Each structure stands twice: as C-alpha cells, then as structure tokens.
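J.: what's the 3D shape of this:
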Amino acid sequence: MDELSPPIAPETLAVLEEAGLFAPDSPTADERLELLSHLLGRFEVDEIIAWAARSHVMGVAARSVDQPPPLISAEEAAARAGVTVDTVVEMRHAFGFPVIDPTEPSMPETVVEDLATYQLGAALFGKDDTLSFVRVLGWSTARVMEAARAMFGGSTNSGSERRTELQWSQANETAIAAWVQVSGVVRNLLAEQALRDVGFVHSLMAGELRSAVAFVDLVGSTSWAEDVDAAQHSAALRRFEMQAAAVAAEHGARLVKLIGDEAMVVAEDPSRLTKVALAICDLAEHDADLPSARGAVGFGVVTARDGDYFGPLVNTVARAGKVANPGGVVVTAEVERTLDPAVWEVVPLGPHVLSGVAAPVHLSRAVPRPPTSAERGTD
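T.: Residues are numbered from 1 along each chain as shown. The predicted structure is shown next:
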C-alpha cells in the first residue's frame with residue numbers, strides 16, 4: 001500500500017469487509033486497501049458501499065463526477081408521473097432496460113421526466129409510432145455507450161504495465177469526466193440535424209420519398225474472418241465503417257448502417273452516390289487487412305422509418321451487389337439514366353434474376369471515365 005495513504009480504522013475496515021469490499025486474504029489486498037483509503041478521503045463509508053453496489057468499487061470515484069440521481073421503483077415512477085405501471089414497463093423495455101420487479105428501485109428518478117415526454121409523444125403522434133421512436137433512441141444511445149466503452153477499454157489496455165485498482169479508479173473518473181461532456185455534443189448535433197435536409201422532410205411528409213440507395217459489401221468476408229484473429233478483424237471492420245462514413249459525408253451522403261460486413265448508404269443524387277460506392281470499394285482495396293469490396297446503387301421510392309429505409313428498391317439493391325466484380329459497382333436502369341456519359345462509362349450487363357425480387361432487373365457496370373487533359377490541368 002502507498003505509504004502516503006492514511007491508515008483505515010479497524011472498525012471501518014470491518015464494515016467494508018462485511019460489505020464484501022475487502023478481503024484480507026486476497027492476493028490484491030494491499031491494492032484494495034490503497035483504493036479504499038483513497039475513497040475514504042472523499043466519501044463516507046455508506047456512500048462507498050452504496051455506489052459500489054450500483055457499479056463496482058473501482059467506479060465509485062467516478063460517481064463524484066456525474067452524480068447519478070437516486071433510484072426509484074416502477075411503481076413510484078408511475079405514481080409520480082400519473083401513469084400505470086404497465087406504461088412505465090412498456091417505455092423502459094422500448095429503451096432496452098429490464099424491469100424485473102416493479103416494487104424494487106431500479107431506475108433513475110429522471111424516468112419521471114421521460115414518462116412525461118413519452119406521454120406527450122403518444123398524444124401527438126400515436127402510441128405505436130412513439131414506441132418505435134423510443135426504440136431508436138434506446139438503440140442509438142446504447143451504441144454510443146458501447147463505442148465509448150470500447151474506446152475507453154482500448155486506451156486503458158494499450159499500455160504494457162498492469163494498472164493497480166487505484167489507477168483503474170482514477171482512469172474511470174477521468175473517462176466519466178469526458179463522458180459528461182458528450183451529452184452537450186449530442187444536443188448540439190441534434191439541433192444541427194434538425195436544420196438540414198429540409199427537402200427530405202417535405203418528401204417524407206408527402207408520403208413519397210425518392211432516394212438513391214447503395215449497398216457495399218466485403219467479398220468473401222466469411223473466409224476472411226476465419227483467416228485473421230479477432231482483434232485484427234474487429235479493427236479492420238471499424239476502419240471500414242469509419243472511413244465509409246467519412247467518404248459518405250464528404251459527398252453529401254449518409255451511412256445508414258453497417259450490417260456485419262455490408263455498408264448501406266443513401267443520398268439524393270444517384271450519380272453522387274455511385275461515386276461514394278466506388279470510393280468505399282477503393283478504400284477497401286487499399287487497406288491491407290480488408291478483402292475487396294463490391295457494390296450496387298439504385299434509385300426510386302423508399303419508405304423511411306426509425307432512421308432506416310425499406311421497400312422493394314432496398315431489397316433489390318441489397319441483392320444486386322452480388323453481381324458486381326470485386327472493386328466494382330453495378331447500377332440499376334434508373335441510376336444509369338442519371339449518369340453523365342461524359343463522366344461515366346456504362347457497360348450493360350443485361351437483366352438479372354435476383355433472389356427475392358419478382359421481375360428480372362436490368363443492371364450495368366458503372367466506371368468513371370478518366371479526366372481529360374484539360375480537367376487534369378497542364379504541367
């Protein structure tokens with residue numbers, strides 16, 4: 001134990017031992033004493049025990065940063081919000097949180113505010129649509145949290161030296177301090193997103209949204225995953241997703257999701273999205289750890305729901321990518337009609353029967369023409 005750490009009174013240590021936070025026979029007992037001495041300089045014993053019960057003793061110090069609200073039961077939340085317990089359970093399940101026992105404190109008291117917002121949404125937009133939106137919020141925030149934890153885990157495990165429990169506690173506290181700032185970033189992003197894509201909103205409200213849709217997948221991804229170790233595979237897929245998202249953003253498109261080894265991207269302009277699909281294939285080609293990629297682009301009416309896109313066009317494009325050669329992109333006839341012949345060379349591939357698509361689909365290979373000498377400029 002650090003000689004600078006103050007000694008812990010025997011009666012205090014006995015309380016911590018009874019709470020399961022200290023075991024004198026443990027091989028890491030000295031580390032635990034160092035951590036507990038550090039925590040006792042900032043918290044009362046009952047606070048340490050309470051916070052450790054909600055997370056872990058190495059996360060207690062982090063609680064001084066974010067100050068989570070007290071826990072309440074589903075029954076109390078229902079009473080305070082003026083709703084039924086079933087409504088509380090319904091909303092919490094949609095967010096992705098379990099409610100095992102409605103009488104036991106298991107949720108932060110901020111859930112009362114969430115319930116008021118949920119009830120307002122149900123009154124304005126209907127219960128089913130509001131529940132769908134709640135599921136999107138829950139899924140999105142869970143993904144953000146998982147990404148944050150992965151980033152934290154990667155940073156703390158990158159060093160060669162083993163961390164003590166006190167060092168882990170301090171690392172957790174620093175990470176939480178950074179995490180607290182993320183809520184402000186999310187708020188700013190939501191405000192900015194509301195100002196963008198006004199045309200998309202108008203089309204959505206009109207009930208008919210026309211969009212270009214692209215799917216780009218990695219060729220032979222199953223065998224590739226078997227040939228590389230898990231860490232290399234995970235890191236390569238993360239690069240693929242991040243770089244695909246960056247390429248899409250540069251061209252005014254949006255990466256909707258990554259389905260395993262397949263990226264789904266949408267944009268208003270089919271020509272621009274074809275460039276994006278080829279650029280994603282190109283980035284895979286130049287990544288030594290990734291297999292080649294291939295893609296397809298279509299254009300037409302889609303249904304937008306819960307941040308995703310559905311409909312026959314989406315189904316068609318998802319299957320059309322299998323026709324493309326590694327590194328190449330195929331396009332539907334609707335996309336082909338929008339491509340400038342001066343910029344694109346289009347090679348007809350004829351009609352193709354695609355799994356799950358009723359009628360044969362005419363596909364063509366789209367290849368960008370090399371720039372002219374005037375476009376390249378002179379030396």
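
J.: drop to CA atoms for contacts and neighbour counts, all remaining ones
T.: Will do.

J.: Need the three-state assignment for residue 214.
T.: strand (DSSP: H, G, I helix; E, B strand; the rest coil).

J.: surely it meets residue 317?
T.: Yes - assessed by C-alpha atoms under 8 Å, residue 214 is found in contact with residue 317 at 6.7 Å.

J.: So for the two, which residue has more residues nearby?
T.: Ranked by neighbour count (other C-alpha atoms under 10 Å), residue 214 and residue 317 place residue 214 first, with 30 against 26.

J.: shared neighbours, residue 214 and residue 317?
T.: 296-298 (C-alpha atoms under 8 Å, 6 or more residues apart in numbering).

J.: Could you export the residues you listed as JSON lines, including distance to residue 66 and secondary structure?
T.: Output for those, formatted as JSON lines (distance: C-alpha to C-alpha, whole Å; DSSP: H, G, I helix; E, B strand; the rest coil):
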{"residue": "296", "distance to residue 66": "46", "secondary structure": "strand"}
{"residue": "297", "distance to residue 66": "45", "secondary structure": "strand"}
{"residue": "298", "distance to residue 66": "46", "secondary structure": "strand"}
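
J.: of those residues, closest to residue 81?
T.: For these, the residue nearest residue 81 by C-alpha to C-alpha is residue 298; the value is 47.1 Å.

J.: Counting neighbours, what do you get for that closest one?
T.: Applying other C-alpha under 10 Å, we find 28 residues neighbouring residue 298.

J.: For it, give me the pLDDT.
T.: The model reports residue 298 with a pLDDT of 96.

J.: Would you confirm that it contacts residue 332?
T.: Yes - using C-alpha under 8 Å, residue 298 is in contact with residue 332, at 5.2 Å.

J.: all strands for this structure, in order.
T.: 71-72, 107-108, 209-218, 254-259, 262-267, 293-305, 308-310, 329-332, 344-352, 361-368 (DSSP state E).

J.: Run through who's touching the first one.
T.: With contacts defined as C-alpha under 8 Å, 6+ apart, strand 71-72 is touched by 104-109.

J.: gap between it and the chain center?
T.: Relative to its chain's centre, strand 71-72 lies at 27 Å (C-alpha atoms, centre = their mean, to the nearest Å).

J.: same deal with the last one?
T.: With C-alpha atoms, centre = their mean as the basis, the distance from the averaged C-alpha position of strand 361-368 to the chain average is 32 Å.

J.: Counting neighbours, what do you get for the nearest residue to residue 65 once chain neighbours are set aside?
T.: In space, not counting the residues next to it along the chain, residue 65 is nearest to residue 177; the distance is 6.1 Å by C-alpha to C-alpha, 6 or more residues apart in numbering. Around residue 177 there are 16 other residues, counting by other C-alpha under 10 Å.

J.: Residue 177: what's it in contact with?
T.: Applying C-alpha under 8 Å, 6+ apart, the residues near residue 177 are 62, 65-66.

J.: same question for stretch 192-201, mean pLDDT?
T.: 63.

J.: got it, and stretch 371-379?
T.: For stretch 371-379, mean pLDDT rounds to 56.

J.: Quick check: residue 70 touching residue 77?
T.: No - taking contacts as C-alpha under 8 Å, residue 70 lies outside contact range of residue 77: 11.9 Å.

J.: Now the common contact residues for these two.
T.: Counting by C-alpha under 8 Å, 6+ apart, the common neighbours of residue 70 and residue 77 are residue 109.

J.: rewinding a little: from the shared contacts of residue 214 and residue 317, which single one is nearest residue 275?
T.: Closest approach between the shared contacts of residue 214 and residue 317 and residue 275, by C-alpha to C-alpha: residue 297, at 9.9 Å.
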